[in-house]
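**Q** Next come a sequence and a model predicted from it.
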Amino acid sequence: MKYHDFIDKRKLNISTIIPALQDAGFDKKADHILQCGNRRFFGVCKECGATHFNGVLACKQRFCAVCQKKRSLLWYMKMLPLFKYYMAQGNKIVFVTFTVKDTEKLTDGLNYLQDAFRLMIGKGNKITKAFNCLFLGGVRSIEVKRGANSGLWHPHAHCLFIKRDNNPFKEDFEFLRSVWNDCLCTVHGERAKWGSVDYKAIKVLNDGCKAICECFKYSTKFDWQNNTDDVKELVESLHRQHLIVPFGEVRKDLNEGSVEHDLILPYTQLKKQFCAVCGNDSFDEIYFDARDCNKLINIYDFMSEDNEND
């Protein structure tokens, strides 16, 4: 993450997200997000003394704008090489969006969405066998927002599927559209149109980059200045939910737990870096903690910046 991106995301936390969480009664979450990024790491070149920003200690909270940006970048770094490999093997990557009918209660929409998806890619039924004949696997990411027209909750799933061949996707799309509604009808217990499917075939690598970014860029498009009840429902409904889930071959090839582990580490590893001033590759690691008011190195006046934000 670029330093100015980190500053912008942190300002969003302080100006908008933290007050909304506090108003909704989530003081502990708000405090964790407030402290996110206070401990900032640097590397001092042992040769010339130049100082390099080396990331921050993360809070890992789902609604922290800083951590969400880092999480998105980490998923991107892990998924892009995998998808390059699959495409080199002659497979096609498709970007598919699954929706459910807007619901008054967010938990209802999330349950319908996740139960139907599990039914589609699960084990031991005809739908799953047909699905696995077409796709090696993929990754699913849930996003939550309010419907523009209905004003109700609109959870939906962005998915990247790996086709087993390079044939046109039109027939596969018709299959998915039919199967998705069948799964939703099973979950609801009655026949009706409960959702929809949309897709984009990824023909070139640049499309793949865009699709990966779209899939992982955030978990919610949400106006944090909405009423307190909306904020409370959003936080409580997404508690302990797995919003990003790899499946099939992707799950076997991907160490998904390393994404959360890497969030708490400095953004770069100094042993793999070199000084842009003199080219040396040996550093002393130091940190600055704004909470302690203790500058371990006099490089930037971070305290004045923090006081302005607070």
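**A** Perfect, thanks for sending it.
**Q** Just give me the neighbour total for residue 50.
**A** Using other C-beta atoms under 10 Å, residue 50 is surrounded by 14 other residues. C-beta: built from backbone N, CA, C; applies to glycine.
**Q** how close does it sit to residue 273?
**A** Distance of residue 50 to residue 273, computed by C-beta to C-beta, to the nearest Å: 12 Å.
**Q** swap in residue 113?
**A** To residue 273, residue 113 is 42 Å away according to C-beta to C-beta.
**Q** Likewise for residue 238?
**A** Distance from residue 238 to residue 273, by C-beta to C-beta: 36 Å.
**Q** between those two, who's got more neighbours?
**A** Shown here are residue 238 and residue 273; by other C-beta under 10 Å, residue 238 has more neighbours (19 against 14).
**Q** Am I right that that one is in contact with residue 219?
**A** Yes: if you go by C-beta atoms under 8 Å, residue 238 and residue 219 touch, sitting 7.1 Å apart.
**Q** Find residues that contact each of these two.
**A** Here residue 238 and residue 219 have 62, 144 as joint contacts, going by C-beta atoms under 8 Å, 6 or more residues apart in numbering.
**Q** All the helices of the stretch 101-250 of the chain, residue numbers only.
**A** Assigned by DSSP state H, counting those that start in this stretch, the helices in the stretch 101-250 of the chain fall at 106-121, 126-134, 170-188, 205-216, 228-238, 249-253.
**Q** from these, which stretch is densest packed?
**A** helix 106-121 (a mean of 19; mean count of other C-beta atoms under 10 Å).
**Q** what is the orientation angle of that one with helix 126-134?
**A** 60 degrees (axes from the mean of the first three to the mean of the last three C-alpha atoms, to 10 degrees).
**Q** ranges for the strands of the protein?
**A** Using DSSP state E, the strands of the chain run over 39-45, 51-56, 92-100, 135-145, 156-163, 195-202, 220-221, 244-248, 283-289.
**Q** In a markdown table: the ones you listed, plus mean pLDDT.
**A** Below are these laid out as a markdown table (pLDDT from 0 to 100):
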| stretch | mean pLDDT |
| --- | --- |
| strand 39-45 | 81 |
| strand 51-56 | 76 |
| strand 92-100 | 90 |
| strand 135-145 | 92 |
| strand 156-163 | 91 |
| strand 195-202 | 79 |
| strand 220-221 | 82 |
| strand 244-248 | 89 |
| strand 283-289 | 77 |
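**Q** could you dump those strands to a markdown table with mean neighbour count and distance to residue 106?
**A** Formatted as a markdown table, the strands of the chain follow (neighbours: other C-beta atoms under 10 Å; distance: least, C-beta to C-beta, whole Å):
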| stretch | mean neighbour count | distance to residue 106 |
| --- | --- | --- |
| strand 39-45 | 20 | 34 |
| strand 51-56 | 20 | 31 |
| strand 92-100 | 22 | 11 |
| strand 135-145 | 21 | 7 |
| strand 156-163 | 22 | 12 |
| strand 195-202 | 18 | 16 |
| strand 220-221 | 14 | 10 |
| strand 244-248 | 19 | 18 |
| strand 283-289 | 16 | 37 |
